[in-house]
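# Sequence unavailable; structure follows:
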């Protein structure tokens, strides 16, 4: 199997134009978590037309394409692309902008899908590799854990894999720059909730009751100390408050009987994740007790950290170096504070998650002005081909 660089893929103008048209079509018709019916139909039809074995139904709209190489080999690898959009009104004004009010591809999953389809087409046309490639098109990455659902419904039981790889575009990074690292790369994404309860009372007579807003103030003033004084200096964590509700704006003379908070916690190490969960609860109960109130904390573990495996990361780095010039590949990239449900796959199968630059002038993901950069498509296709080359370019012994 030959190494494929991005420039060679880009020179196939008809091929890139077709993938761009597919990307624009998906972008015009965004579908959010577990509703990717049209998108999965498009993906399945594309794969079938190229003679790739197609399996459907995992996590409702998931699609898995299976392609065996012409050379003998027992190794099976999986490549993953996500398909879902977000609940955002698009404001790019581009010709291929979303036609669905309140929904748009604001994270580039339309581009991820198009790049994977391009790699599948190239590999199906010349399956000169030893083993099996599985193309996983996953629904519901955005918040609902489609990867976890696919796994729970038997993804790796039905389609065992020796390695799994993921790729995501990265706004702000130069076009085609690849970044990855061994070990923790992206943070766990957890939600915490807290209800503080007192008796409430008349605002003019606070001494007749207990005031949960005072417990709230104590809790908030100490919240930052969890990271500042409990997390080791060479590690990192973030705890943020995203929502507070109490009382009624029409009744400012009433001390509320209940205060509710919700927030997010981001950590990279399992021990730090455990620490943050424990200290949030301890601090909540202590703050409540100080003011004669009670606390009901709840820590919801959502996405684990993305932890890349050493051997697969080394292969991903080599695949990226075959795709672009070596100085455009950073194999010791900084960790990213965002979360990714590809982490669930890495908990089950060795693998690596990488990013590719979407351009320094790209709007940020999850914003109304974001759009996947079509110029990234050749980089993604070439990278996937080179991952297969790294993993399966040898005959079984």
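Noted; the coordinates are in hand. Note that the coordinates shown come from a computational prediction; the quantities given were computed from them, not determined experimentally.

# so who does the nearest residue to residue 122 once chain neighbours are set aside touch?
Spatial nearest neighbour of residue 122, excluding adjacent residues (CB to CB, 6 or more residues apart in numbering): residue 385 at 6.0 Å. Where C-beta positions appear, they are placed from N, C-alpha and C, glycine not excepted. Residues near residue 385 by CB atoms under 8 Å, 6 or more residues apart in numbering: 4, 119, 122, 123.

# residue ranges for the helices of the chain, please.
6-11, 13-28, 37-49, 109-125, 146-152, 155-158, 212-223, 225-230, 270-290, 310-323, 342-348, 377-392 (DSSP state H).

# Which strands and helices lie in contact with the longest one?
So that's helix 270-290. Under the contact criterion of 3 or more CB pairs under 8 Å, 6 or more residues apart in numbering; DSSP states H and E, helix 270-290 touches strand 188-197, helix 212-223, helix 225-230, strand 237-246, strand 258-267, strand 294-303.

# run the last query once more with 6 Å
In terms of contacts (3 or more CB pairs under 6 Å, 6 or more residues apart in numbering; DSSP states H and E), helix 270-290 is packed against strand 188-197, helix 212-223, strand 258-267, strand 294-303.

# One more: the first one?
Under the contact criterion of 3+ CB pairs under 6 Å, 6+ apart, helix 6-11 touches helix 377-392.

# now the angle from the helix it packs on to helix 310-323?
Inter-element angle recorded for helix 377-392 and helix 310-323: 130 degrees (by axes from the mean of the first three to the mean of the last three CA atoms, to 10 degrees).

# can you pull the pLDDT of the closest residue to residue 372 other than its chain neighbours?
Sequence neighbours aside, residue 111 is the residue nearest to residue 372 in space, at 3.4 Å (criterion: CB to CB, 6+ apart). pLDDT recorded at residue 111 is 98.

# same check, this time on residue 75
Note on residue 75: pLDDT of 97.

# how near is the closest residue to residue 358 other than its chain neighbours to residue 17?
Spatial nearest neighbour of residue 358, chain neighbours left out: residue 169 (4.2 Å); criterion: CB to CB, 6+ apart. Residue 169 is 19 Å from residue 17, where distance means CB to CB, to the nearest Å.

# The two: who's more crowded?
residue 169 (25 against 12; other CB atoms under 10 Å).

# Count the residues that sit near residue 181.
21.

# hmm, I was thinking of residue 94
Neighbourhood size, residue 94 [other CB under 10 Å]: 12.

# just to revisit the earlier point, can I get the helices of the chain in CSV with distance to residue 240?
Output for the helices of the chain, formatted as CSV (distance: least, CB to CB, whole Å):
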stretch, distance to residue 240
helix 6-11, 37
helix 13-28, 31
helix 37-49, 32
helix 109-125, 25
helix 146-152, 23
helix 155-158, 32
helix 212-223, 9
helix 225-230, 11
helix 270-290, 12
helix 310-323, 29
helix 342-348, 20
helix 377-392, 32
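
# Looking at the ones you listed, which is nearest to residue 62?
Residue 62 lies closest, by CB to CB, to one member of these: helix 146-152, at 5.2 Å.

# re the thing from before, among the helices of the chain, which comes closest to residue 64?
Across these, residue 64 has its closest neighbour in helix 155-158 (7.4 Å, CB to CB).

# which residues does the residue nearest to residue 358 contact?
108, 356, 358, 376 (CB atoms under 6 Å, 6 or more residues apart in numbering).

# Who does the second one form a beta bridge with?
Listed by DSSP bridges, the beta-bridge partners for residue 356 are residue 169, residue 178.

# Assess the claim that it and residue 379 are in contact.
Yes: here residue 356 reaches residue 379: they are 5.4 Å apart, a contact under CB atoms under 6 Å.

# Now do the residue most central in space within the chain against residue 72, distance only.
Geometric centre of the chain, nearest residue: residue 340, 2.6 Å, by CA atoms, centre = their mean. To residue 72, residue 340 is 34 Å away according to CB to CB.

# Dihedrals phi and psi, residue 83?
Here is the backbone geometry of residue 83 (degrees, to the nearest 10): phi -120, psi -10.

# who's in contact with it?
By CB under 6 Å, 6+ apart, the residues touching residue 83 are 36, 39, 109, 113, 137, 139.

# ok, now how distant is it from residue 209?
Remark: distance between residue 83 and residue 209 (CB to CB) = 52 Å.

# What score does residue 171 have for pLDDT?
In this prediction, residue 171 carries a pLDDT score of 97.

# Just give the number of residues close to residue 389.
Residue 389 sits with 19 neighbouring residues when counted by other CB under 10 Å.

# Can you give me the end-to-end span of stretch 252-272?
Taking CA to CA, to the nearest Å, stretch 252-272 runs 40 Å from one end to the other.

# Run through who's touching it.
Stretch 252-272 is contacted by residues 184, 187-188, 190, 192-198, 200-201, 203, 211-212, 216, 231, 235, 237-247, 273, 276, 305, 337 when judged by CB under 6 Å, 6+ apart.

# can you pull the buried residues of that stretch?
Residues 255-257, 259-261, 263-269, 272 are the ones in stretch 252-272 that count as buried (16 or more other CB atoms under 10 Å).

# pLDDT of that stretch, averaged?
The average pLDDT within stretch 252-272 is 96.

# and that stretch, how far from the chain's centre?
Distance of stretch 252-272 from its chain centroid, counting by CA atoms, centre = their mean, to the nearest Å, is 24 Å.

# tell me the contacts of the nearest residue to residue 341 once chain neighbours are set aside?
Distance criterion CB to CB, 6+ apart; nearest residue to residue 341, sequence neighbours excluded, is residue 147 at 4.2 Å. By CB under 6 Å, 6+ apart, the contact list for residue 147 reads 138, 341, 344, 345.

# again, only using 10 Å
Contact analysis of residue 147 by CB atoms under 10 Å, 6 or more residues apart in numbering lists 59, 62, 80, 82, 136, 138-141, 155, 164, 166, 303, 340-348.
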